[in-house]
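S.K.: How does the following fold in three dimensions:
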Amino acid sequence: MKKWFFWLVLLALAGYGAAQYEPDIRVEQPPAGTNQAGKTAPSKPGLTIKVTKDQIHQGDMLLVNNDHPGPKGVGASEAVNLFQHKELVQGFGLLDHSIRLSPRLVQKFSAMIGAAEKDGVRHFLISSGYRDAKEQDLLYRQMGGEYAMPAGYSEHNLGLSLDIGSTQSEMNQAPEGKWLKANAWRYGFILRYPKDKTAVTGIQYEPWHFRYVGLPHSAVMHEKGWVLEEYLDFLQEQKSFTTVVGNQTYDIFYYPISGDTTLQVPASGRYDISGSNTDGVIVTVYR
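M.R.: A predicted model of the protein is given here:
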């Protein structure tokens, strides 16, 4: 969330290879058997799953902004100090010795920059990762509201966001920034605070701040030019839709949740569940 630190470092490390992903996106009508309320009535038996109200505040799709503080403690248990786990640091630099991220997110980031290396873009560094409430509060008091969010209202408190820098120049000019802006969605990441969406996000343009939401959600947001707020508004209104990314078809459902309940999920493939951190859960079925 802060711009000043991208001027501080000059590092150069080699990239680490990974396969480039080339999706083709189509957004289709809701799956057959889905009514106007968005509740599934599959023609063949589905899987009944139990969902607790706490699920609203768990997962990769949580919305955190000025109006929706993040749930306490999320991300803390998984975050590790990358300087102390150098086996995770492959193909990128670290701004300092305090950077923390979950191994899961580092793996996804490494796959992404491995693809960038194949395109000749290889000078990446991580400037900030997970922050706890104490760290966020200190940053907010040091930088002010123009450059940082209060404790509890920053995506960095989720452990799903990272600030990515370049050893060459500022991210709005560097090849690394341009490559990520064009390609990060292929790997489940989104540019969280674009220049033309400040009225929606309430945050100034941050070409370094990327957030993991996962496929197919990143692909749909990229195609439609949506930020997370707009995508969740679409899901809450549409209730369900089908999208194709590459050769994979996804059925996506939004269920408002007011308490512990059960949901009927089509049994045609595996599924993921994430809360929205507002009033419901997103169920993504792979088929």
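S.K.: which stretches of the protein have low pLDDT?
M.R.: 1-45, 267-268 (pLDDT under 70).
S.K.: Scan it for its longest strand.
M.R.: strand 248-256 (DSSP state E).
S.K.: how about that one: buried residues?
M.R.: 249, 250, 251, 252, 253, 254, 255 (16 or more other CB atoms under 10 Å). C-beta: built from backbone N, CA, C; applies to glycine.
S.K.: The third one - nearest residue in space that isn't next to it in sequence?
M.R.: Meaning residue 251. Distances taken as CB to CB, 6 or more residues apart in numbering put residue 285 closest to residue 251, at 4.3 Å, once the chain neighbours are dropped.
S.K.: Burial check on the closest residue to residue 133 other than its chain neighbours, number of neighbours?
M.R.: Spatial nearest neighbour of residue 133, chain neighbours left out: residue 151 (4.2 Å); criterion: CB to CB, 6+ apart. If you count neighbours by other CB atoms under 10 Å, residue 151 ends up with 20.
S.K.: what about residue 151, is that helix, strand or coil?
M.R.: With DSSP: H, G, I helix; E, B strand; the rest coil as the basis, residue 151 sits in coil.
S.K.: Next, it: phi, psi?
M.R.: phi -60, psi 130 (degrees, to the nearest 10).
S.K.: can you pull up the bridge partners for the residue nearest the centre of the chain?
M.R.: Against the mean C-alpha coordinate of the chain, by CA atoms, centre = their mean, the closest residue is residue 212 at 2.0 Å. Assessed by DSSP bridges, residue 212 has beta-bridge partners residue 189.
S.K.: hang on, the earlier thing: OK, contacts around the residue nearest to residue 251?
M.R.: Applying CB atoms under 8 Å, 6 or more residues apart in numbering to residue 285 gives the contacts 250, 251, 252, 253, 265, 266, 268, 269, 270, 271.
S.K.: tilt between the strand or helix carrying the fifth one and strand 248-256?
M.R.: When secondary structure is defined by DSSP states H and E, residue 265 falls within strand 261-266. Orientation note: strand 261-266 sits at an angle of 160 degrees relative to strand 248-256 (axes from the mean of the first three to the mean of the last three CA atoms, to 10 degrees).
S.K.: Strand 261-266 pairs with which strands, parallel or anti?
M.R.: strand 46-51 (antiparallel).
S.K.: burial count for residue 155?
M.R.: Count around residue 155 with other CB under 10 Å applied: 26.
S.K.: pretty sure it is touching residue 201, no?
M.R.: No - in this structure, residue 155 is not within contact of residue 201 by CB atoms under 8 Å, at 10.4 Å.
S.K.: hey, what's in contact with both of those two?
M.R.: Here residue 155 and residue 201 have residue 192 as joint contacts, going by CB under 8 Å, 6+ apart.
S.K.: Surely residue 139 is in a strand?
M.R.: No - counting by three-state DSSP, residue 139 falls outside a strand, being helix.
S.K.: Quick check: the gap between it and residue 131.
M.R.: From residue 139 over to residue 131 the distance is 7 Å, taken as CB to CB, to the nearest Å.
S.K.: List the buried residues in the host helix or strand of residue 231.
M.R.: Using DSSP H and E, residue 231 maps to helix 228-238. Within helix 228-238, the residues scored as buried using 16+ other CB under 10 Å are 228, 229, 231, 232, 234, 235, 236.
S.K.: swap in stretch 260-279?
M.R.: For stretch 260-279, by 16+ other CB under 10 Å, it's 263, 264, 265, 266, 268, 271, 273, 274, 275, 276, 277, 278.
S.K.: Repeat that for stretch 197-215.
M.R.: So for stretch 197-215, counting by 16+ other CB under 10 Å, buried means 197, 200-201, 203, 205-215.
S.K.: all strands for the stretch 1-150 of the chain, in order.
M.R.: 25-28, 46-51, 80-81, 93-94, 100-101, 124-128 (DSSP state E, counting those that start in this stretch).
S.K.: Figure out how far the fifth one is from the centre of its chain.
M.R.: The chain centroid and the centroid of strand 100-101 are separated by 15 Å, computed with CA atoms, centre = their mean, to the nearest Å.
S.K.: same thing with stretch 132-143?
M.R.: On CA atoms, centre = their mean, the centre of stretch 132-143 falls 22 Å from that of its chain.
S.K.: hmm, who's touching it?
M.R.: Residues from elsewhere that reach stretch 132-143, judged by CB under 8 Å, 6+ apart: 1-2, 72, 76, 131, 148-152, 154, 156-157.
S.K.: cutoff 10 Å now
M.R.: The contact list for stretch 132-143 (CB atoms under 10 Å, 6 or more residues apart in numbering) reads 1-4, 70, 72-73, 75-76, 79, 98, 100, 128, 131, 147-154, 156-157, 159.
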